[in-house]
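Enquirer: got a predicted structure here, sequence first:
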Amino acid sequence: MSKNNTGSTLESNQAAGTRLELLLFQLEHKQLFGINVFKVKEVIPYQPLTRPAGAHPLVKGMATLRGITMPIIDLSQAVGGPEMAEPEKGYIIITEYNRSVHGFLIRRVDRIVNTQWDQVQQLPSHLGKNVYVTAVTLIQEELVEILDVEKVLDQVVHVSTDVSKDLSGRIHAENRRVLVVDDSTVARHQIQRALEQLGIECTLLTDGKHAIDLIHQMQQEGIDVAEHFSMIVSDIEMPEMDGYQLTSEIRKDPRLADLYILLHSSISGEFNVDMVKRTGANKFIQKYSPDDLAEAVLERLKEPPATGA
């Protein structure tokens, strides 16, 4: 199963900013899990793996597939379940997240389905920090858990959040505030740690609906939102209201014409550049590089480099 078989359908669905195409699969139990098809490069039967000495316990081995050498992670074990029994009878989902390619070992593929972001609901926050699901949705009366893949990968690949000194030294951004909107706990904290190195205060929200609610509340209180926040840094894939919808809603309000919106997503490609233009966002960058993020924020703040930097 290759992503290329569904790419055109996915693009037409996403163009509306409300549609979501999910690859559904199972691990060791009947529970259905889902990930966005746009992040899936291919699904293949199990391949022989080579396990390097000292590899992370979640990494079952390395494989070279389509000319790319990648780690293969036991997804069942990574989300707190049992280690995959008889992995040779399973499948490997090849994904691209945050500029790198990884394989996830699963038991079986179910199907590809279409739904809408407003049919996807976030999990209650009180479930704890060890939950690897970012949202849930009902597909033909079956509960589907949408994985927080960034959180899964963070166990194996700890992404640096350090901004280069020549960037962090350019600006003293006291009283600068940025609204960060992302449904992944890991991603929110990565962005926050990077921006705090620029002296920027972050307000963190989990989806576009919460962001719109906050903006409306601030407007009712007489607060100039575009003056209060230097910019919005928003993910694209989010439950209830995605980043495209959030941008479109903001652009409907003339009072928010000057509110700068940076879309920041692990989904790459020219498609996002096109959607930035269609929805009225100011810029798109791919997750996750703290320097790229810092550069984009500094560009918005239009601060010249510090003397001698």
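Expert: Cool, got the structure.
Enquirer: what ranges do the helices span in the stretch 51-200 of the chain?
Expert: 75-78, 149-154, 165-168, 185-196 (DSSP state H, counting those that start in this stretch).
Enquirer: could I get the average pLDDT for the third one?
Expert: When you say that, I think you mean helix 165-168. Averaging pLDDT along helix 165-168 gives 80.
Enquirer: contacts made by it with the rest, please.
Expert: Gln197, Leu198, Asp291, Ala294, Glu295, Leu298, Ala309 (CB atoms under 8 Å, 6 or more residues apart in numbering). All C-beta atoms are positioned from the backbone trio N, CA, C, and that covers glycine.
Enquirer: and those residues as CSV, adding secondary structure, pLDDT and distance to Lys41?
Expert: CSV is the format used below for the contacts of helix 165-168 (DSSP: H, G, I helix; E, B strand; the rest coil; pLDDT from 0 to 100; distance: CB to CB, whole Å):
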residue, secondary structure, pLDDT, distance to Lys41
Gln197, coil, 91, 33
Leu198, coil, 89, 34
Asp291, helix, 93, 26
Ala294, helix, 93, 29
Glu295, helix, 92, 28
Leu298, helix, 90, 33
Ala309, coil, 35, 40
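Enquirer: please indicate which of those are buried?
Expert: Gln197, Leu198, Ala294, Glu295, Leu298 (16 or more other CB atoms under 10 Å).
Enquirer: the second one against Glu295, yeah?
Expert: No - using CB atoms under 8 Å, Leu198 is not in contact with Glu295; the gap is 10.6 Å.
Enquirer: what's the burial count for the closest residue to Asp183 other than its chain neighbours?
Expert: Distance criterion CB to CB, 6 or more residues apart in numbering; nearest residue to Asp183, sequence neighbours excluded, is Met238 at 4.6 Å. A count of nearby residues for Met238, using other CB atoms under 10 Å, gives 29.
Enquirer: contacts only, for Gln219.
Expert: Going by CB under 8 Å, 6+ apart, the list of residues near Gln219 reads Val225, Arg255.
Enquirer: what comes up buried for the strand or helix carrying it?
Expert: Assessed by DSSP states H and E, Gln219 sits inside helix 208-220. By neighbour count with 16+ other CB under 10 Å, helix 208-220 contains the buried residues Gly208, Lys209, His210, Ala211, Ile212, Leu214, Ile215.
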